[in-house]
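**Student:** give the three-dimensional model of this entry:
(2 chains)
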Amino acid sequence: MKKLYLLLLGLFLQSCIKDAPANPEADIESFKVDTLQLTGNVFVDQVNRLIVLNITRDAFQKGISPMIKASAGATISPASGTPITFDKDVQYAVTSASGENTKIYKVKVVNVGHWEFNFEDWEVNPEDQYEYPIESGNTEVWSSGNPGVALSGVPKRPDGYPTRSTSDGYLGTKAAQLSTIKGTALSEFIGIRLFAGSIFLGDFNPSQAFLNPLAATEFGQPYVTGLPDKFSGYYKYTPGAVFQDKNGNPVAGQTDKCSIYAVVFTGTDRLNATNIMTSDRVIGRATLGDGTAKQEFTRFEIPFVYKTGSAPTGNIQVAIVASSSARGDEYIGAIGSKLTLDSLRIIPR
Amino acid sequence: MRNIQYLIGICVSSFLGMTNVYGQLDGKQGASDRITHSVMIGYNIGATAPFSLPNTIRGINSYSLLFTPAVSYEIHYQLSESWGIGSGLRFDGKGMKISDSVQYFHTIITMDDGEFEGDFTGTNQTNSKNLYLSVPIYGVYKSGFWNFKLGGYVAHTLSRRFDGSVSDGYIRKGNSLGEKVLIEKAVFDFADQVKNWDWGIIAGANRRIGEHWGVNSDVQLGLEPIFPKSFRGVGYDLRNIYLTIGVSYNLGSFL
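**Tutor:** All right, here's what the predicted structure looks like:
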């Protein structure tokens, strides 16, 4: 009897399944450029709807013919394969199969010209209200964990996020302030009880933010002028009061530390937080040894230590990575830890 | 002697008169005779679901029952040979475990300190189980062995469960234009959002088998969505839609 009812109910429910909605998605899913024209892999910035290109000088002058893949059924204009040049702004319009949605992606060619970063200019993400630093020419070379934190339902205002600007910088100018903040009810669902403030050269890939958060932070910007010699800057640091483990339990006798380092590696693929410490593509490192409290701005200048015998040819990338909790990648640290960074430099040989 | 005959005559006529009165009562029944008491024990089968499935639900992967009994005590008051009214007190477990495939399923999760909004595509698994104490009020139509009832109920939520997971898919932040975030598995628990009250329609039939026993079947259709308007975790209204299969025992009018 019960089985019969279940069967009837099942049939009833199945018979109620309606036709599938037309695909409302309008993404550029991939944007392929001849690898010989690249200095770093193409990054499709889905948050800001940008195609971020690191290309050779030659490609910049002659133009490229990208192969573009859009969401299923979506149309794209200009079409995939159409040559584009950079004498004027380029943008792509993607219209979903359902016709209701159109996304505009702007193409941006990014090259770090001067490896000097003073964190003077910041913009606010219009939707989620987190801040991010921009360089001259309105280019975005720095990213942070903020776009990931935005997914966890924090208050939508700049001070609701771990990474933001501060006017308490070196010599009274603006600086980057990284704070370790408490996780949210939602982030606890995936075992994240604190968010360390982070900032890094590279980009944030939100598709990995829940699945593999450490892979979402993609480190590196192409470095086209030989090899760097030193990494310098100013910082001050206040560790938070209570050091906690991954489960949010206080750990007695431990004090949080900050982490600041720069890495030189080969190839056009970016590294991320899962492999930046282990990848054999890394050829040199400059790591701040002392991550303890510093009340006043403290200068550091660290020489890159290269692997012996490394004479790289081809593409070189450099990443600068900093965090208000050195073990923030394991969600371990102290809520309230605060790292302020200013005047970072990569000094060439 | 005449006096005696007269006296007997009065007695007989009084007796006849009295039987006449009782005869009239037989036709109408006394107030206590019109009330019957019964108890019922049964099992609730159904779903906490939208009345009409939205097109964001692409398929039901599995459905299974949870322990959702129904126990009631009911009183019927007979108004005439065929018609009556009924009420009672009833405990209802209403729940299910369902796994479904969804596409562009809109959800907004609000927390103390912020909220998350997005469109989910993937597999959803939900366990819903609430215990209600309800008071039904209905009209009864009696025909031979059958009793039919139609009316409404008001229910108070005694305990609540609404949790589950989303898995093997992705969520688009904000709406279908937002960036894609892949999801392997994330859990949710919205139990504390389930409303304190439910009300709706009850309709059913009872067939008498033997002197006391009967087979009972009724449908309860909740008209009140189980979540308040302010809760937007599920992009459409969920209502209690349950069929009760059970046995009843008529206690007669002993009380």
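
**Student:** so who does B:R239 touch?
**Tutor:** By Cβ atoms under 8 Å, 6 or more residues apart in numbering or on different chains, the residues touching B:R239 are B:48-51, B:200, B:221-226. Glycine gets a C-beta too; all of them are placed from N, C-alpha and C.

**Student:** ugh, wrong one, A:E188
**Tutor:** Applying Cβ under 8 Å, 6+ apart, no residues contact A:E188.

**Student:** and it, that's in a helix?
**Tutor:** Yes: applying DSSP: H, G, I helix; E, B strand; the rest coil, one finds A:E188 inside a helix.

**Student:** of the contacts of B:R239, which qualify as buried by neighbour count?
**Tutor:** B:48-50, B:200, B:221-222, B:224-226 (16 or more other Cβ atoms under 10 Å in any protein chain shown).

**Student:** next to chain A, which bits of the stretch 151-255 of chain B? Give me the list.
**Tutor:** B:170-174, B:176-177, B:179-184, B:186-188, B:243, B:245 (Cβ under 8 Å from any Cβ of the partner chain).

**Student:** and residue 203, bridged to which residues?
**Tutor:** All of this is about chain A. Using DSSP bridges, the bridge partners assigned to A:D203 are A:E218.

**Student:** oops, wrong one, chain B.
**Tutor:** Here B:A203, judged by DSSP bridges, has bridge partners B:L150, B:V219.

**Student:** right, and it touches B:Y153 too?
**Tutor:** No: between B:A203 and B:Y153 there is no contact under Cβ atoms under 8 Å: 10.6 Å.

**Student:** more neighbours: the two, which one.
**Tutor:** Each of B:A203 and B:Y153 has its neighbours counted (other Cβ atoms under 10 Å in any protein chain shown); B:Y153 has more, 24 against 15.

**Student:** mind telling me what element A:L214 is part of?
**Tutor:** For A:L214, the host element (DSSP states H and E) is helix A:213-216.

**Student:** show me what that helix is packed against.
**Tutor:** strand A:271-272 (3 or more Cβ pairs under 8 Å, 6 or more residues apart in numbering or on different chains; DSSP states H and E).

**Student:** let's see the helix or strand just after the strand it packs on as PDB, backbone CA atoms only.
**Tutor:** Downstream of strand A:271-272, the next assigned helix or strand under DSSP H and E is strand A:282-287. Provided in PDB are the C-alpha atoms of strand A:282-287 (Å, rounded to 0.1, in the frame of the first residue of the first chain):
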ATOM      1  CA  VAL A 282      60.300  28.700  -8.100                       C
ATOM      2  CA  ILE A 283      63.900  29.800  -8.700                       C
ATOM      3  CA  GLY A 284      64.300  32.600  -6.000                       C
ATOM      4  CA  ARG A 285      62.800  33.800  -2.800                       C
ATOM      5  CA  ALA A 286      63.000  36.800  -0.500                       C
ATOM      6  CA  THR A 287      61.300  36.100   2.800                       C
END
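
**Student:** now strand A:282-287: how far from the chain's centre is it?
**Tutor:** Per Cα atoms, centre = their mean, to the nearest Å, the displacement of strand A:282-287 from the mean C-alpha position of its chain is 20 Å.

**Student:** check which residues of that strand are buried.
**Tutor:** Across strand A:282-287, burial judged by 16+ other Cβ under 10 Å covers A:282-286.

**Student:** again, but for stretch B:83-90
**Tutor:** B:84, B:86-88, B:90.
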